[in-house]
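> model this:
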Amino acid sequence: MKCDTRIMNIFRSALLMVLIPGIAGAHGNAGDSGFVSGLNHPVFGFDHLLAMVTVGLLSAQMGGRAIGTVPATFVTVMSVGGMLGMKGFELPMVELWIAFSVLALGGALAAARKLPVSVAMGFVGFFALFHGHAHGTEMPRLAEPAMYALGFCAATAGLHILGAVTGYVAVHSRKGTRLLRLAGLAIAVSGTYYVLGA
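Predicted coordinates:
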């Protein structure tokens with residue numbers, strides 16, 4: 001019972017973290033140092049949002065230390081990609097790789113195969129580089145780079161937590177494993193749509 005209460009509290013916190021950018025954005029960006037813009041970017045880019053929530057779902061499906069290490073890898077590598085984007089460093093086919101990340105992550109969730117944690121870290125880290133690069137190149141002109149990066153990292157972490165908590169609840173419920181696989185299939189279909197449009 002105590003465990004369920006803790007999970008619900010984490011879920012509420014993550015949900016607030018995801019919703020705060022929208023609330024803040026509704027009041028304009030007066031005095032925004034870049035943090036709010038950074039928060040908004042992953043949340044309001046639906047391809048980013050799907051990929052990041054799926055990383056959390058996938059980590060919960062894998063279980064064990066993957067719940068922490070897989071999302072942490074994504075955020076860390078994404079911040080490196082963000083710096084590259086801010087500095088004007090070019091990466092090939094960024095939008096295509098972002099679109100493909102939704103397809104691949106959804107496919108991995110649907111397959112429900114337990115990858116070694118190191119492989120999963122490399123898998124999500126590869127895609128994180130391109131997500132971060134897109135965030136970096138789309139940084140508003142007057143934003144402070146550090147605050148902007150802090151914003152998109154915080155939003156991404158919130159989306160990972162949201163996915164991980166949802167996945168954890170699903171894994172520990174009677175039909176949750178099947179629902180996770182169906183969710184993965186739906187996400188992969190969305191990813192196919194993004195890949196065709198990239």
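
> so residue 130 is in which element?
helix 117-137 (DSSP states H and E).

> pLDDT below threshold where in the chain?
Low-confidence segments of the chain (pLDDT under 70): 1-32.

> ok, now with 90
By pLDDT under 90, the weakly predicted segments of the chain are 1-34, 41, 112-115, 140-143, 172-177, 197-198.

> ranges for the helices of it?
With DSSP state H as the criterion, the chain has helices at 2-26, 35-44, 46-62, 66-86, 94-111, 117-137, 145-171, 176-197.

> how about a markdown table for these, with mean neighbour count added?
From N, CA and C alone the C-beta is placed, and that goes for glycine too. Below are those laid out as a markdown table (neighbours: other C-beta atoms under 10 Å):
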| stretch | mean neighbour count |
| --- | --- |
| helix 2-26 | 14 |
| helix 35-44 | 23 |
| helix 46-62 | 25 |
| helix 66-86 | 21 |
| helix 94-111 | 21 |
| helix 117-137 | 21 |
| helix 145-171 | 22 |
| helix 176-197 | 17 |
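
> now the helix holding residue 130 - C-alpha only, PDB.
Provided in PDB are the C-alpha atoms of helix 117-137 (Å, rounded to 0.1, in the frame of the first residue of the first chain):
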ATOM      1  CA  VAL A 117      21.100  -2.800 -20.000                       C
ATOM      2  CA  SER A 118      24.200  -1.700 -21.800                       C
ATOM      3  CA  VAL A 119      22.600  -2.400 -25.200                       C
ATOM      4  CA  ALA A 120      19.500  -0.500 -24.200                       C
ATOM      5  CA  MET A 121      21.600   2.500 -23.000                       C
ATOM      6  CA  GLY A 122      23.500   2.600 -26.300                       C
ATOM      7  CA  PHE A 123      20.200   2.200 -28.200                       C
ATOM      8  CA  VAL A 124      18.500   5.200 -26.500                       C
ATOM      9  CA  GLY A 125      21.700   7.200 -26.300                       C
ATOM     10  CA  PHE A 126      22.000   7.100 -30.100                       C
ATOM     11  CA  PHE A 127      18.600   8.600 -30.600                       C
ATOM     12  CA  ALA A 128      19.100  11.100 -27.700                       C
ATOM     13  CA  LEU A 129      21.900  12.700 -29.600                       C
ATOM     14  CA  PHE A 130      19.600  13.700 -32.400                       C
ATOM     15  CA  HIS A 131      16.800  14.900 -30.100                       C
ATOM     16  CA  GLY A 132      19.300  17.000 -28.200                       C
ATOM     17  CA  HIS A 133      20.700  18.500 -31.400                       C
ATOM     18  CA  ALA A 134      17.200  19.500 -32.500                       C
ATOM     19  CA  HIS A 135      16.600  21.200 -29.200                       C
ATOM     20  CA  GLY A 136      19.900  23.000 -29.500                       C
ATOM     21  CA  THR A 137      19.500  24.300 -33.000                       C
END
